[in-house]
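K.L.:
Here is my input; please provide its structure:
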Amino acid sequence: MLLTDIRRMAQNVKQNINKVIVGKEDVVDQLLIALIASGHVLLEDVPGTGKTLLAKAMAKSLHCTCKRIQFTPDLLPSDLSGINFYNQKASEFQFRPGPVFTNILLADEINRATPRTQSSLLECMEERQVSIDGETRTLDRPFMVIATQNPVENQGTFPLPEAQLDRFLLKVRMGYPSREQGVDILKRFKQDNPLDSLESVADARELTAAQLAYSQVAVHDDLLDYMMHIVERTRSHPDIALGVSPRGSQSLLKAVQVHAILQDRDYVLPDDIKAMAKPVLAHRLLLRHAIRLKEDAADAIIDQLLRDTPVPSETLARNG
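P.N.:
As a prediction, the model looks like this:
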């Protein structure tokens, strides 16, 4: 698949989702970036802002299998992965697959489940497989987790551990719509739900091809050094207890390559890195307690690092 084909597919999916979702084009772009880069997305905001609707519209646009599971405090790991049960009629054990055996898994309100259940997603998110009763089973391809969570301060929530957060390529906030967008939403949903009539504009085969081809985007060595400079400064920043991991730096590279494609380029510019730094890196930072209490403190630190880090010239990027 050519890079132009990837961009065309992404544009078609975006336009299709916009038939349902009003005024969240940046959020849709970030979901598409994670999707093409074979990553997972954490959608965070207060209830009722369209997180679940966005995930369902994404799945329907791609003609991929999609399963939704509501995370609750009594949810067990086996409720996600599946179980081996004894079939008395057949006189043998048979495997009943859980909802993780799908292309897109909508993990709704993931931070309402206990840490034990949250951790059961680690293996399938990173290795695309699950281990059940000593047997490893491979998940479907493509596989993507779109997890929604309410702010941690809400009653009955469990903060996601650092190991879990590190496996999400991006963390995205929906935000409230403007008044004009709110009116448009009321008009659009006045008679029926546009999601019900939404048709697919791509399929799993195209998506898999895109996931294999996006890495063709050129990245100059100076831009790789620029990214690592930002990452390394998170590890020595006085307000950060735990900086960005090597997995985080690889995630940033993947995200900026796909971002360049969506900007109709086959090479990465510093602007791509600046655009993706906060959604990729901010949620991976473990802040010191006094700083953690400040709203959007992680985003502010990433902004500071971007301002203080020398930027390579665009000429070098084009020649990469």
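K.L.:
for the stretch 101-250 of the chain, which spans come out with low pLDDT?
P.N.:
Within the stretch 101-250 of the chain, the ranges that satisfy pLDDT under 70 run 152-156.
K.L.:
all strands for it, in order.
P.N.:
104-108, 129-132, 135-138, 144-149, 170-173, 240-242 (DSSP state E, counting those that start in this stretch).
K.L.:
Per-residue pLDDT of Gly50, please?
P.N.:
pLDDT recorded at Gly50 is 76.
K.L.:
With Gln70 instead?
P.N.:
At Gln70, the pLDDT value in this model is 89.
K.L.:
hmm, back to that, would you format the strands of the stretch 101-250 of the chain as CSV with mean neighbour count included?
P.N.:
Quick note: C-beta positions are derived from backbone N, CA and C, even for glycine. Shown next, in CSV, are those (neighbours: other CB atoms under 10 Å):
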stretch, mean neighbour count
strand 104-108, 24
strand 129-132, 16
strand 135-138, 12
strand 144-149, 25
strand 170-173, 22
strand 240-242, 16
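K.L.:
Out of these, which is closest to Leu287?
P.N.:
Judged by CB to CB, the one of the strands of the stretch 101-250 of the chain that comes nearest to Leu287 is strand 240-242, at 6.0 Å.
K.L.:
can you tell me how far the most centrally placed residue in the chain sits from Leu253?
P.N.:
Nearest to the mean C-alpha position of the chain, by CA atoms, centre = their mean, lies Val41 at 1.6 Å. For Val41, the distance to Leu253 equals 17 Å [CB to CB, to the nearest Å].
K.L.:
Next: Val145.
P.N.:
20 Å.
K.L.:
Distance check, the residue nearest to Leu76 when sequence neighbours are not counted against Leu169.
P.N.:
In space, and not counting its chain neighbours, Leu76 is closest to Thr117: 6.5 Å by CB to CB, 6 or more residues apart in numbering. Separation of Thr117 from Leu169 (CB to CB) stands at 21 Å.
K.L.:
Now do the contacts for the residue nearest to Leu76.
P.N.:
Phe71, Leu75, Leu76, Pro77, Asp79, Leu80 (CB atoms under 8 Å, 6 or more residues apart in numbering).
K.L.:
Identify the residue nearest Arg68 in space, chain neighbours excluded?
P.N.:
In space, and not counting its chain neighbours, Arg68 is closest to Leu106: 4.1 Å by CB to CB, 6+ apart.
K.L.:
ugh, typo on my part, it should be Ala107
P.N.:
Excluding the flanking residues, the one nearest Ala107 by CB to CB, 6+ apart is Ala147, at 4.0 Å.
K.L.:
Now do the same contact list for the one you found.
P.N.:
With contact taken as CB under 8 Å, 6+ apart, Ala147 is in contact with His40, Val41, Leu42, Leu43, Leu106, Ala107, Asp108, Ile110, Phe168.
K.L.:
List the contacts of the second one.
P.N.:
Under the criterion of CB under 8 Å, 6+ apart, the contact partners of Val41 comprise Gln30, Leu31, Ala34, Met144, Val145, Ile146, Ala147, Phe168, Leu169, Leu170, Lys171, Val172.
K.L.:
part of a helix, is the third one?
P.N.:
Yes - counting by DSSP: H, G, I helix; E, B strand; the rest coil, Ala34 falls inside a helix.
K.L.:
give me the number of residues near it?
P.N.:
27 (other CB atoms under 10 Å).
K.L.:
Does it touch Leu169 like I think?
P.N.:
Yes - applying CB atoms under 8 Å, one finds Ala34 in contact with Leu169, separated by 4.7 Å.
K.L.:
Check the contact lists of these two and give me the overlap.
P.N.:
His40, Val41, Ala255.
K.L.:
Now do the same contact list for the last one.
P.N.:
Taking CB under 8 Å, 6+ apart as the definition of contact, the neighbours of Ala255 are Ile33, Ala34, Ala37, Gly39, Leu169, Leu170, Met276, Pro279, Val280.
K.L.:
now those in a markdown table, with distance to Gln191?
P.N.:
Putting those into a markdown table (distance: CB to CB, whole Å) gives the following:
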| residue | distance to Gln191 |
| --- | --- |
| Ile33 | 33 |
| Ala34 | 33 |
| Ala37 | 37 |
| Gly39 | 36 |
| Leu169 | 37 |
| Leu170 | 34 |
| Met276 | 38 |
| Pro279 | 35 |
| Val280 | 39 |
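K.L.:
so which of those residues is the most crowded?
P.N.:
Ranked by the number of neighbours (other CB under 10 Å), the contacts of Ala255 place Val280 first, at 31 neighbours.
K.L.:
how near is that one to Asp108?
P.N.:
Here the criterion is CB to CB. By it, Val280 lies 23 Å from Asp108.
K.L.:
and what of Thr114?
P.N.:
Taking CB to CB, one finds Thr114 at 16 Å from Asp108.
K.L.:
Looking at the contacts of Ala255, spot the one nearest Glu180.
P.N.:
Relative to Glu180, the closest of the contacts of Ala255 is Pro279; by CB to CB it sits at 25.1 Å.
K.L.:
distance of that closest one from Pro99?
P.N.:
According to CB to CB, Pro279 and Pro99 sit 26 Å apart.
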